[in-house]
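In: Pasting the sequence and the predicted coordinates here, then a few questions.
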Amino acid sequence: MRELFLGHYQPAMMGLCLISTCFYAAVAVTVATKVYGNEAVLFSDVGSYKTLLLRRFIQPRTYPGAAFALLTVAIIFPLNFYVQSSLISPQAGGGHNQVGLAVSQVLLFAAPPLLLGWYCKLDLRRTFSLYRPRAIHWVAAGFLAVSIVPLSNLLQQVQFSLSPPSEATREMLQQQAALFSGPGLWITLIVFALLPGVCEELLFRGLLLAGLRRRLSAFQVVVAVGVVFGLFHVEFEKIPIVSLMGVLLALVCLRSGSIFTAMLVHVANNGLAMASERIEPLREFLGLPLEGADLGMVQFDERTGLFLAMFVVGLVLLMVRRRGDINHSFAA
């Protein structure tokens, strides 16, 4: 509002504000329908409120409700922004910023869904899809994991060719690379690949997906989870690509019936992207552009076609129906 009054019209930031406001409105309506449908609220029975909050009065449930999952994500959204803003600083070294990012991943993305799931007596195995996937789904996830970074880069090139990045965006990408750079590759991979791949999956493809899957169709669930996942990456230019990544991860989790396959793809995406920044042969193998290359130049060669074919094969293998509990399949 301040920027608008000053006459500064930034479509990217305006779009981000509108999308996030609509998300909070949807959460508020969902929570309101849940809360005001409870007798404790209708009749102002103070004693009955305890049955909503105290663990010994909570009845065990298999899955979280949609209101519960959305409210949790809605609370974590601003906390993540402010916690990372306070822990991460351009003046601090790369090691300090990596510690801050690791702390925020564990305390904001992993701990809340797990603790709330335990406190509310949810079936943790079903809520977080803690099942061993079939071998064919491991293979499918492997194909997707290897091909995801080159295809993400191709999509980014297409996006920037249609909407060229501003100079501020280019500077921001460079600052981010310097902000989190550290001396050890393994530490960097743990902070930027392993921790996000595990912690973020517990929140988005775990609690959020479990809460929405009983209220929405399979297609609606993967889209909703993907968009919410994209909004958490506040930079507007990243939201389309990250949202598509979130859709893919939700699809992987639903089709395989296991969150572990989604974790594999997530870790591979972040890890290969980070490692290619320091390992030149890996960058060449993935066909990623060199530093300083034109971000808006679309490059599609035989290698890119090979990775695209691997991605399609992974999707085809992923569509093989999982035996056992059909509630964990995309067909449900």
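Out: In hand now; what should we look at?

In: Which residue ranges of the stretch 201-332 of the chain form helices?
Out: 209-212, 218-231, 239-256, 259-276, 280-286, 302-318 (DSSP state H, counting those that start in this stretch).

In: Which strands or helices does the fourth one pack on?
Out: Pointing back at helix 259-276 there. helix 135-162, helix 185-189, helix 195-201, helix 239-256, helix 280-286 (3 or more C-beta pairs under 8 Å, 6 or more residues apart in numbering; DSSP states H and E). For glycine as for every other residue, the C-beta is placed from the backbone atoms N, C-alpha and C.

In: List the buried residues in the helix or strand harbouring Val29.
Out: In the assignment (DSSP states H and E), Val29 maps to helix 11-35. For helix 11-35, the neighbour count (16 or more other C-beta atoms under 10 Å) marks 16, 23, 27, 30-31, 34 as buried.

In: Pipe those into a markdown table and attach pLDDT and distance to Met245 per row.
Out: Shown next, in a markdown table, are these (pLDDT from 0 to 100; distance: C-beta to C-beta, whole Å):
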| residue | pLDDT | distance to Met245 |
| --- | --- | --- |
| Leu16 | 71 | 18 |
| Phe23 | 76 | 18 |
| Val27 | 75 | 22 |
| Thr30 | 73 | 25 |
| Val31 | 72 | 27 |
| Lys34 | 67 | 30 |
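
In: Check the residues you listed against Ile75 and report the nearest one.
Out: Nearest to Ile75 among the buried residues of helix 11-35: Val27, at 9.3 Å, using C-beta to C-beta.

In: So that closest one is in contact with Ala74, correct?
Out: Yes. Val27 is within contact range of Ala74, at 4.4 Å (criterion: C-beta atoms under 8 Å).

In: picking that back up, can I get the helices and strands packed on helix 259-276 in JSON lines including distance to Pro64 and mean pLDDT?
Out: Shown next, in JSON lines, are these (distance: least, C-beta to C-beta, whole Å; pLDDT from 0 to 100):
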{"stretch": "helix 135-162", "distance to Pro64": "24", "mean pLDDT": "91"}
{"stretch": "helix 185-189", "distance to Pro64": "31", "mean pLDDT": "86"}
{"stretch": "helix 195-201", "distance to Pro64": "16", "mean pLDDT": "96"}
{"stretch": "helix 239-256", "distance to Pro64": "15", "mean pLDDT": "94"}
{"stretch": "helix 280-286", "distance to Pro64": "38", "mean pLDDT": "89"}
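
In: residue contacts, the residue positioned nearest the centre of the chain?
Out: Centroid-nearest residue in the chain: Phe229, 3.9 Å away (criterion: C-alpha atoms, centre = their mean). Phe229 makes contacts with 200, 204, 242-243, 245-246, 249, as judged by C-beta atoms under 8 Å, 6 or more residues apart in numbering.

In: Look at the residue nearest to Ile259 when sequence neighbours are not counted and say how many residues are nearby.
Out: Using C-beta to C-beta, 6 or more residues apart in numbering and skipping the chain neighbours, the partner closest in space to Ile259 is Ser129 (4.2 Å). Neighbours of Ser129 under the rule other C-beta atoms under 10 Å: 23.

In: Shouldn't Ser129 be within a strand?
Out: No. Under the criterion used here (DSSP: H, G, I helix; E, B strand; the rest coil), Ser129 is coil, not part of a strand.

In: Quickly note the distance from it to Phe81.
Out: Ser129 sits 27 Å away from Phe81 when distances are taken as C-beta to C-beta, to the nearest Å.
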